[in-house]
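S.K.: I need the structure of the sequence given here:
(one chain, ligands or ions: 1)
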Amino acid sequence: MLEVQDLKVSYGRLEAVKGISFTINQGECIGLIGPNGAGKTTTLNAIAGVLKRSGGSIAFEGEKLPNQAPEATVRRGISLVPEGRRVFQGLTVEQNLRLGASIRSDKEIDSDIEAMKKRFPALEKYATTRAGSLSGGEQQMIALARALMARPRLLLLDEPSLGLAPLIVDQVFELVDQLRSEGITILLVEQNGLRTLELADRSYVLQGGRIAMSATGAEDFAEVEKAYFGAEDSNAVAKETAND
Ligand code: ATP
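M.R.: Residues are numbered from 1 along each chain as shown. From the prediction side, this is the model:
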């Protein structure tokens, strides 16, 4: 479904992503894990067309994606839930959801909004409340529901569990699992390495802008730890995961 080949992305003279290649098959949930500054967000933003790539190519469903064209990417069926959620704080929950459907012109937008409210009961309760006044977990649900309103076939999730209480983190991971079982393909960027390894069909470990290794499950955790920080600090991921 998605083929990333030799992707390079730079910020001025800093090359943050240094030629990475990976594929995602239809219906998979693929994890992209790694320490701070590894290039995970940069990769996701380049796929979403938010950032311009300086090299390489990205093909979606067999066709090349244009460089730095976020709206065209959404129209093609790829939606991004950005890091830090970035909901429209001054708009109501329902207005946020409606904006997620701004590329659509079909007659099912209202019924999709009702379906989102059923899926996320808090969104029903706070439909007319300003999004900015809600909790981090509720804002994450708005951001997810807003992305789903575009009816994506590929969902890009950037650290959806960041800064959330453990119970809400559980809900987020359950939701990702559920969306995959409904047929949505997912690329999940996470710092929560172990949870991601457990959930994803396959995970790639990014380190210093390169793919250090790929892993298939929790049994690869020890090796992933080494790829994160090197053998001398192999407890670091465990500590980070325990703190999440
Ligand atoms: P994090 O978990 O901290 O978000 P990450 O793996 O997502 O980490 P990126 O945010 O993609 O990493 O950052 C990769 C590199 O690019 C880092 O060295 C970072 O400092 C740098 N970088 C990221 N955004 C910018 C920017 N807007 N301008 C300049 N450098 C940037």
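
S.K.: going forward, measure contacts between C-alpha atoms and count neighbours the same way
M.R.: Will do.

S.K.: Which stretches in the protein count as strands?
M.R.: Counting by DSSP state E, one finds strands in the chain at the ranges 2-11, 14-24, 29-33, 55-60, 63-64, 78-81, 154-158, 185-190, 202-207, 210-215.

S.K.: May I see those arranged in TSV, with distance to R146 and mean pLDDT as well?
M.R.: Conversion of these to TSV gives the following (distance: least, CA to CA, whole Å; pLDDT from 0 to 100):
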stretch	distance to R146	mean pLDDT
strand 2-11	22	98
strand 14-24	23	98
strand 29-33	20	97
strand 55-60	22	97
strand 63-64	25	95
strand 78-81	8	96
strand 154-158	11	98
strand 185-190	16	97
strand 202-207	26	95
strand 210-215	30	95
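
S.K.: Pipe these into TSV and attach mean neighbour count per row.
M.R.: Shown next, in TSV, are those (neighbours: other CA atoms under 10 Å):
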stretch	mean neighbour count
strand 2-11	19
strand 14-24	17
strand 29-33	27
strand 55-60	18
strand 63-64	12
strand 78-81	26
strand 154-158	25
strand 185-190	25
strand 202-207	22
strand 210-215	18
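
S.K.: end to end, how far does stretch 20-39 reach?
M.R.: End-to-end distance for stretch 20-39, by CA to CA, to the nearest Å: 10 Å.

S.K.: Determine if any part of that stretch is in contact with the ligand.
M.R.: Yes - using CA under 6 Å from any ligand atom, stretch 20-39 reaches the ligand at 35-39.

S.K.: From the chain's centre, how far out is that stretch? Work that out for me.
M.R.: 9 Å (CA atoms, centre = their mean, to the nearest Å).

S.K.: which helix is the longest one in this structure?
M.R.: The longest helix of the chain (DSSP state H) is helix 166-181.

S.K.: Need the contact partners of it.
M.R.: Helix 166-181 is contacted from outside by 27-29, 137, 160-161, 186, 199, 244, using CA atoms under 8 Å, 6 or more residues apart in numbering.

S.K.: Could I have the buried ones of those as PyMOL selection syntax?
M.R.: Applying 16 or more other CA atoms under 10 Å to these, the buried members can be selected in PyMOL as follows:
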select buried, resi 27+28+29+137+160+161+186+199
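
S.K.: Flag whichever of the contacts of helix 166-181 scores worst on pLDDT.
M.R.: Lowest pLDDT within the contacts of helix 166-181 is found at D244 (49).

S.K.: do you know how far P35 is from V205?
M.R.: Distance of P35 to V205, given as CA to CA: 9 Å.

S.K.: now do L80
M.R.: 20 Å.

S.K.: same thing with E174?
M.R.: Taking CA to CA, one finds E174 at 22 Å from V205.

S.K.: Write down the beta-bridge partners of the residue nearest the centre of the chain, one by one.
M.R.: Centre of the chain computed as the mean C-alpha position; nearest residue by CA atoms, centre = their mean is L157, 1.2 Å away. Beta-bridge pairing of L157 under DSSP bridges involves V81, L188.
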